[in-house]
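Chemist: After the sequence you'll find the predicted model.
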Amino acid sequence: CQNRTSSEFHLEVTTGGATMEEGSGGGSEFVDWQRLRVQENADEIPPGSMPRTIDVIVRNEMVERAKAGDRVVLTGSLVVVPDGSALARAGEAARASGNNPGARSGKEAASGGGGGIRGLAALGVRELTYRTCFVACCVLPSDVAERVKRRGEESSKDEGYINESFLFSMGSGSGAGVDTPKTAQEVAMEFTEEEKEEIRMMKGMSNLYTKLTESIAPNTFGHSEVKRGILLMLLSGVHKTTSEGIRLRGDINVCIVGDPSTAKSQFLKFVHSFLPERCVYTSGKAASAAGLTAAVVRDQDTGEFCIEAGALMLADNGICCIDEFDKMDQHDQVAIHEAMEQQTISITKAGIQATLNARASILAAANPIHGRYDRSKTLRANVQLSAPILSRFDLFFVVLDECDDVADYNVAKHIVDVHRCDEAVVDPPFTQDQMLRYIRFARTLNPQITEESRRVLIDCYRKLRQGDTMGRSRTAYRITVRQLESLIRLSEALARLP
C-alpha cells in the first residue's frame, strides 16, 4: 500500500445483538489473505503458445491450502480490477500524501485542498487498464475432486462415503502450515471397497515384485534392472527424524548412464506421465541454478522481493526428472548438492534469508563423455560428474548398446508391434491406476530394521569397504557411508512391497 496519509482502523467488532455507537464508522477485522499465481497445465497449452497465468485471491481458511506445484480445482468468481502498476513508468508511482493543515499554501486553503493523491500530473495522461483476477472461495486438490466426481457419477448411494473422503482430504493435514503425511487408515478411507479388495489381492500374489516391474514402462522392451530401480524409487524409504531434530533422507536418487538410443529418456517420460502430481521434467542443458532451486524476483504490484519456486521446490514430495544431466554447468550442479542430501534449499539474496523444503527424488539420465561407454574404464572416468554428485545417487544403471542377434530381433519386433498399435504387445499385468493406488498405500507403511537385518547390513557394508580399499571395485568411484544409507533405503522400499 502506497498510502502515506494518517489512517485510523476501527477494530471494534459487533458481537451478538450489540450495536455500534453512532458515528463510530463500523468495525474492522484482520483476516488471512494470499495471492496465488495459477498456470495452465502443459497438456492444455495450445500449439505454439506460451502457458497463460492468472492471479487467484484466497482468504480465511482457504489460505495455504495449495502449495507450489499442486494441481487444484478452484471455485469462485472472476472479477476485473484496475491495473495500477501499469500506470507508472519504471521508478515512478502515484502516491497519497497528506500535509499539515497549518502549513497549507494559500491556493490550497482557498480550494479546500491540502491532501490527497499526488504525482498524477507528472505521470501525464494515460489510459487506465484493467486485468482479470479470480477470487476463490474453495481450493480442492484435483485428484480429490476427480475422485469425488467419478464416484458421484457411479452411484448416488455413496454420498456419505464421498463426504467422508472429502473431509479426510481437506482435513488439518493439508491445512495451513501443517505438513504431516497421511496415515494408512486415512489413505484407506479414500478407497472404495472394490479398490481395497484389489489391493489385498495384489498383496497376496507370490510374484508381485516381478509383475510390478513388468508394469513399469511397458512400451520399453527389456531393461528389467532399471525398471526395478524405478519401482523402488517410487516406493522410497522411510523418512526419519532424530532426537536432535535432524531429518534423515528417505527418497531414493537414481541415475541412468548409457549409450545413445537406449531408452533413457523414455523412462523419464514414463515417470513424468505416471505421476502427474508433484513430478517435474526438465533438461540439464536448459536449466540454471536458480531454475532448479529457487529465484528471488521483484513483485510487480508491491515492488518487494519474493521467492519463485524452481524445479526441485515444485517437485517437493515427488520426483524431479532431469534429462541430459551431464550437460549441466559445474556451478549449476553445485547448486543441487544441498537439495540431494539435506533436501532443503537455503537462500540468502536481496535481504531474504530462508530455508525451503525440496524433499524430492531425482531421476537423472546422462550420456558418457565420448558418446559411447568405455567398458575398460570405471564409471567415474566415463561420466562428467563430480565426486559429491556421484556419492549422492543411490543407484547407478549403466545401459550398453551391444550387438546381439537374438536381442536385436526381439527389440525390433517389439518396436514394430508398438508402432502398429498392437495392444497384445503392450499388455502389462497391472494398469497405471492400480499401481498408483498400491504404491500410494504402500508408502504409508513404515517398516522397522530388525536385529538380523542390522547384522546383514553391517556385514555387507564392511565387505564393500574392504573391496574398495583393495581395488576390487572397478565400476564404483568410492564406497562411503552414504552407500550404507542407500542400502537401508532400498531395503525399506523392498519391505513395503508385500
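Modeler: Okay, I see it.
Chemist: Only C-alpha atoms from now on, for both contacts and neighbour counts.
Modeler: Will do.
Chemist: could you pull out the helices for the stretch 1-150 of the chain?
Modeler: Along the stretch 1-150 of the chain, counting by DSSP state H, counting those that start in this stretch, helices occupy 106-111, 120-123, 142-154.
Chemist: rank those by pLDDT, which is bottom?
Modeler: The minimum mean pLDDT among these belongs to helix 106-111 (a mean of 49).
Chemist: Ramachandran angles for residue 227?
Modeler: Backbone torsions of residue 227, given as degrees, to the nearest 10, read phi -70, psi -40.
Chemist: go on, residue 441?
Modeler: Torsion angles, degrees, to the nearest 10, at residue 441: phi -70, psi -40.
Chemist: For it, give its distance to residue 413.
Modeler: Distance of residue 441 to residue 413, given as CA to CA, to the nearest Å: 36 Å.
Chemist: same deal with residue 74?
Modeler: To residue 413, residue 74 is 47 Å away according to CA to CA.
Chemist: more crowded one of these two?
Modeler: residue 74 (18 against 13; other CA atoms under 10 Å).
Chemist: Name whatever forms a beta bridge with the more buried one.
Modeler: Counting by DSSP bridges, residue 74 is bridged to residue 139.
Chemist: give me every residue that touches it.
Modeler: Contacts for residue 74 (CA atoms under 8 Å, 6 or more residues apart in numbering) come out as 136-140.
Chemist: Now residue 238: closest residue in space that isn't a chain neighbour?
Modeler: The shortest distance from residue 238 to any non-neighbouring residue, by CA to CA, 6 or more residues apart in numbering, is to residue 250 (4.9 Å).
Chemist: now residue 226
Modeler: residue 397 (6.6 Å).
Chemist: Show the low-confidence segments of the stretch 251-400 of the chain, by residue range.
Modeler: 276, 300-303 (pLDDT under 70).
Chemist: Let me see the ranges of the strands in the stretch 101-250 of the chain.
Modeler: 115-118, 130-141, 240-241, 247-248 (DSSP state E, counting those that start in this stretch).
Chemist: how about the residue nearest to residue 217 when sequence neighbours are not counted, secondary structure?
Modeler: Ranked by CA to CA, 6+ apart and with sequence neighbours excluded, the top spatial neighbour of residue 217 is residue 270, at 6.1 Å. Following DSSP: H, G, I helix; E, B strand; the rest coil, we place residue 270 in the helix state.
Chemist: can you put the strands of the stretch 101-250 of the chain in a markdown table and add mean pLDDT, mean neighbour count and distance to residue 48?
Modeler: Shown next, in a markdown table, are the strands of the stretch 101-250 of the chain (pLDDT from 0 to 100; neighbours: other CA atoms under 10 Å; distance: least, CA to CA, whole Å):
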| stretch | mean pLDDT | mean neighbour count | distance to residue 48 |
| --- | --- | --- | --- |
| strand 115-118 | 50 | 14 | 44 |
| strand 130-141 | 86 | 17 | 23 |
| strand 240-241 | 84 | 12 | 45 |
| strand 247-248 | 84 | 14 | 43 |
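Chemist: so which of the ones you listed comes closest to residue 329?
Modeler: With CA to CA, the closest approach to residue 329 among the strands of the stretch 101-250 of the chain belongs to strand 247-248: 28.2 Å.
Chemist: Pull up the pairing partners for the closest one, direction included.
Modeler: Here strand 247-248 has these sheet partners by DSSP bridges: strand 240-241 (antiparallel).
Chemist: contacting residues around the partner strand?
Modeler: 247-250.
Chemist: Among those residues, which one lies nearest to residue 288?
Modeler: residue 249 (24.4 Å).
Chemist: Settle this for me: that closest one is touching residue 342, isn't it.
Modeler: Yes: Residue 249 is within contact range of residue 342, at 7.1 Å (criterion: CA atoms under 8 Å).
Chemist: neighbour count winner among these two?
Modeler: residue 249 (22 against 15).
Chemist: can you pull the contacts of the more buried one?
Modeler: 238-240, 341-343.
Chemist: same thing with residue 225?
Modeler: With CA under 8 Å, 6+ apart, residue 225 has no contacts at all.
Chemist: Can you tell me how far it is from residue 489?
Modeler: Taken as CA to CA, the span from residue 225 to residue 489 is 17 Å.
Chemist: do residue 359 as well
Modeler: Residue 359 is 15 Å from residue 489, by CA to CA.
Chemist: which residue is nearest the centroid of this structure?
Modeler: Centroid-nearest residue in the chain: residue 315, 2.0 Å away (criterion: CA atoms, centre = their mean).
Chemist: Now it. Nearest residue, chain neighbours left out?
Modeler: In space, residue 315 is closest to residue 278, 4.8 Å off (CA to CA, 6+ apart).
Chemist: What residues does the one you found make contact with?
Modeler: 69-70, 314-319.
Chemist: same thing with residue 236?
Modeler: Applying CA under 8 Å, 6+ apart, the residues near residue 236 are 250-252, 443, 489-490, 492-493.
Chemist: Phi, psi for it please.
Modeler: The phi/psi pair for residue 236 (degrees, to the nearest 10) is phi 60, psi 170.
Chemist: Check residue 242 too.
Modeler: Torsion angles, degrees, to the nearest 10, at residue 242: phi -80, psi 170.
Chemist: Residue 344 now?
Modeler: Torsion angles, degrees, to the nearest 10, at residue 344: phi -140, psi 160.
Chemist: Residue 342 too?
Modeler: Torsion angles, degrees, to the nearest 10, at residue 342: phi -80, psi -20.
Chemist: repeat for residue 428
Modeler: Here residue 428 shows phi and psi, under degrees, to the nearest 10, equal to phi -70, psi 160.
Chemist: Nearest residue to it in space, please, no chain neighbours.
Modeler: With CA to CA, 6+ apart as the criterion, residue 428 has its nearest non-adjacent residue at 4.9 Å, and that residue is residue 215.
Chemist: For that neighbour, give its distance to residue 445.
Modeler: 22 Å.
Chemist: Turn the contacts of residue 236 into TSV, including distance to residue 469.
Modeler: Formatted as TSV, the contacts of residue 236 follow (distance: CA to CA, whole Å):
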residue	distance to residue 469
250	28
251	28
252	26
443	36
489	24
490	24
492	28
493	29
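Chemist: To what extent is residue 447 buried, counted in neighbours?
Modeler: 14.
Chemist: That one belongs to a helix?
Modeler: No: assessed with three-state DSSP, residue 447 is coil; it does not lie in a helix.
Chemist: how far away is it from residue 372?
Modeler: 41 Å.
Chemist: Please point out which parts of stretch 253-268 sit buried.
Modeler: 253-260, 263-265, 267-268 (16 or more other CA atoms under 10 Å).
Chemist: in the stretch 1-150 of the chain, which segments are predicted with low confidence?
Modeler: 1-5, 7-28, 84-127.
Chemist: Out of the strands of the stretch 101-250 of the chain, flag the one nearest residue 386.
Modeler: Closest among the strands of the stretch 101-250 of the chain, using CA to CA: strand 247-248, at 23.0 Å.
Chemist: Can you list the neighbours in contact with the helix or strand following that closest one?
Modeler: Proceeding N to C from strand 247-248, the next assigned helix or strand is strand 254-258, under DSSP states H and E. With CA under 8 Å, 6+ apart as the test, strand 254-258 has contacts from 226, 229-230, 233, 264, 361-368, 372-373, 383, 393-401.
Chemist: With residue 271 as the reference, measure out to the residue nearest to residue 315.
Modeler: From residue 278 to residue 271 the distance is 11 Å (CA to CA).
Chemist: now swap in residue 310 and tell me
Modeler: Residue 310 is 19 Å from residue 271, by CA to CA.
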